[in-house]
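Q: Dropping a prediction and its sequence here:
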Amino acid sequence: MNEEKYYDFASKISFFEFIQSEFKRAGIAIREFEEELDQLMNIKRWSITHLSDYVKKFPRSFIIFEQIFQLKRFTNAQIIHFVFDIDKLNSNNLNAIYEYMILNLKHDIEFRKIFLESIRSGISYDDFISNVDRYDKKYLIAIFKRAISKHVDMVINRFNILEKRITKSEFEDFSIRFSNYLLDNLQLNEALATINVKKFLQNKRIPIDTKSLHGNYPKIKIIKILKSNGYTNIDNILDNNGIRTLKHGLQQQISTFLIDNNKIFCTERYIDGIIKIKDNKPKKFDLIIFSDYKPKYLFEMNFYTTSGTKIGINQDEYIDLNNYIRENFDDLEFYWITDGNYWLTTNGKNRYLSLLKYFEKIFNINTFEEHLEDFK
């Protein structure tokens, strides 16, 4: 009997279709960098001195170089290397690190805020400096290094903070280190000789994570099936009303007069009271189909082309979730929609057969469509 169920399931397995955009544009605003780009392209070969002067004059060129050499951005480790003197920080000379800390606190206000907050909430810079000798030097250096990591996390999203530091004479070592790294490690001159920077940046595309592509694929197909069978997606209505967690009756949260169809579904929502067993955090469902304006059928969706640890993790979570919902919510039903050619392998077949001990039904995209009438 279970073998028959498997072969019915396997005969209707889908292979991945390339129906989604696989790249997104980097989106750098070329017009805002005309002067920087013109000067960069006019010089055929850069020296450390010339490039360092260029970076100090045009601190936003940092973004240009980042886009030339990185997929999205420089890593935190790279940025720490550019912003701070790693040789000093990594030395055993505590006095040198201490003096370097004082220099940073004196001339970098944004960094100072992070450091002082780590010392004590509300302490002023003047109070700290006046009483600095009362602190253990090793303690201060430890806080200094911790603040560096926090500072880099901040400048990643706020380039204007980094821009101010680049232009300060007290931190001209930034432009020197950065220029050295571009020329020696990343071979800037060779890169510039092979590309037209403007055209490269205008046409640069960033690949979308393949895991998200595979994860979105069944969702796209299932939504299409639902809509073609007269269902309405109410995600926009829920979003407009700020509803991420559904109560057990839609009437408790919005007026159902907003909806002109009683065949409705939504995606990526929580259900009041349902948690993940492993960590007791609220559980977000990929798909929810309503019955009489109440969330009724809850779905998770996955697509696997190869085996991997993620399948086992999902399997364990869904078994626990299915049992939890059965035991605690008489008005809710949980289902797993999973697809992809992994299920055609021997390992996939064995896993499917073992899962039938825990799930009455496991759907793929095609069998979900065949059983759509069950979800009324």
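A: That came through, no problem.
Q: mind listing the strands in the stretch 101-250 of the chain by residue range?
A: With DSSP state E, counting those that start in this stretch, the ranges of strands along the stretch 101-250 of the chain come out as 205-207, 232-233, 245-246.
Q: what bits of the chain have low per-residue confidence?
A: 20, 208-215, 309 (pLDDT under 70).
Q: Which strand runs longest in it?
A: Identified as the longest strand of the chain according to DSSP state E is strand 264-275.
Q: Residues in contact with the next helix or strand after that one: which ones?
A: Moving toward the C-terminus from strand 264-275, the next helix or strand (DSSP states H and E) is strand 282-291. The contact list for strand 282-291 (C-beta atoms under 8 Å, 6 or more residues apart in numbering) reads 219, 222, 226, 231, 245-246, 250, 262, 264-271, 274-276, 295-301, 321, 337, 375-376. C-beta here means a position set from N, CA and C on the backbone, and glycine is covered the same way.
Q: strands paired with the helix or strand just after strand 282-291, and their directions?
A: Following strand 282-291 in sequence order, the next helix or strand is strand 294-303 (DSSP H and E). Applying DSSP bridges, strand 294-303 is found paired with strand 282-291 (antiparallel), strand 333-339 (parallel).
Q: got the buried residues for strand 294-303?
A: 295-303 (16 or more other C-beta atoms under 10 Å).
Q: Likewise for stretch 22-42?
A: Under 16+ other C-beta under 10 Å, the buried positions of stretch 22-42 are 33, 36-37, 40.
Q: now it: how far from the chain's centre is it?
A: 24 Å (C-alpha atoms, centre = their mean, to the nearest Å).
Q: Quick check: end-to-end length of that stretch?
A: For stretch 22-42, the first-to-last residue distance is 34 Å (C-alpha to C-alpha, to the nearest Å).
Q: likewise stretch 18-38?
A: Its start and end residues considered, stretch 18-38 measures 39 Å (C-alpha to C-alpha).
Q: what distance separates it from the centre of its chain?
A: With C-alpha atoms, centre = their mean as the basis, stretch 18-38 stands 19 Å off its chain's centre.
Q: repeat for stretch 129-147
A: Averaging C-alpha positions (C-alpha atoms, centre = their mean) puts stretch 129-147 34 Å from its chain's average.
Q: which helices and strands sit right next to the helix or strand in which residue 38 is found?
A: Element membership for residue 38, per DSSP H and E: helix 34-42. In terms of contacts (3 or more C-beta pairs under 8 Å, 6 or more residues apart in numbering; DSSP states H and E), helix 34-42 is packed against helix 61-69, helix 197-203.
Q: A PyMOL selection for the contacts of strand 282-291, restricted to the buried ones, would help me check which they are.
A: In PyMOL, this line selects whichever of those come out buried by 16+ other C-beta under 10 Å:
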select buried, resi 219+222+226+231+246+250+264+265+266+267+269+270+271+274+295+296+297+298+299+300+301+321+337+375
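Q: Identify the residues contacting the nearest residue to residue 293 once chain neighbours are set aside.
A: Excluding its sequence neighbours, the residue lying closest to residue 293 (C-beta to C-beta, 6 or more residues apart in numbering) is residue 250, at 4.3 Å. For residue 250, the contact set (C-beta under 8 Å, 6+ apart) comprises 256, 290, 293-295.
Q: a markdown table please, covering those residues and showing distance to residue 60.
A: A markdown table is the format used below for these (distance: C-beta to C-beta, whole Å):
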| residue | distance to residue 60 |
| --- | --- |
| 256 | 52 |
| 290 | 50 |
| 293 | 53 |
| 294 | 54 |
| 295 | 49 |
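Q: from the residues you listed, which is closest to residue 172?
A: Distance to residue 172, by C-beta to C-beta, is smallest for residue 295 among the contacts of residue 250, at 60.3 Å.
Q: Quick check: beta-bridge partners of that closest one?
A: residue 290.
Q: I figured it hits residue 332, correct?
A: Yes: under the criterion of C-beta atoms under 8 Å, residue 295 is in contact with residue 332, at a separation of 7.0 Å.
Q: one step back: tell me the angle of the longest strand of the chain relative to strand 282-291?
A: Per axes from the mean of the first three to the mean of the last three C-alpha atoms, to 10 degrees, the angle that strand 264-275 makes with strand 282-291 is 140 degrees.
Q: For strand 264-275, enumerate the helices and strands it packs against.
A: By 3+ C-beta pairs under 8 Å, 6+ apart, strand 264-275 packs against helix 210-228, strand 232-233, helix 235-240, strand 245-246, strand 282-291, strand 294-303, helix 309-328.
Q: and if we set it to 6 Å?
A: Applying 3 or more C-beta pairs under 6 Å, 6 or more residues apart in numbering; DSSP states H and E, we find strand 264-275 packed against helix 235-240, strand 245-246, strand 282-291.
Q: mind saving the C-alpha coords of it as CSV?
A: Extracted C-alpha coordinates of strand 264-275, given in CSV (Å, rounded to 0.1, in the frame of the first residue of the first chain):
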residue,chain,number,x,y,z
ILE,A,264,-9.0,32.9,0.4
PHE,A,265,-5.4,32.2,1.4
CYS,A,266,-2.3,34.1,2.6
THR,A,267,1.4,33.4,2.9
GLU,A,268,4.2,33.9,5.4
ARG,A,269,2.1,34.3,8.6
TYR,A,270,2.1,33.2,12.1
ILE,A,271,-0.9,31.6,13.9
ASP,A,272,-1.8,32.7,17.4
GLY,A,273,-0.6,30.1,19.9
ILE,A,274,1.4,27.9,17.5
ILE,A,275,5.1,27.6,18.3
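Q: That one pairs with which strands, and in what direction?
A: strand 232-233 (parallel), strand 245-246 (parallel), strand 282-291 (antiparallel).
Q: Tell me what angle it forms with helix 309-328.
A: Going by the same axes, to 10 degrees, strand 264-275 makes 80 degrees with helix 309-328.
Q: any residues touching strand 264-275, and which ones?
A: Strand 264-275 is contacted from outside by 226, 231-232, 234-235, 238, 245-247, 282-284, 287-290, 295, using C-beta atoms under 6 Å, 6 or more residues apart in numbering.
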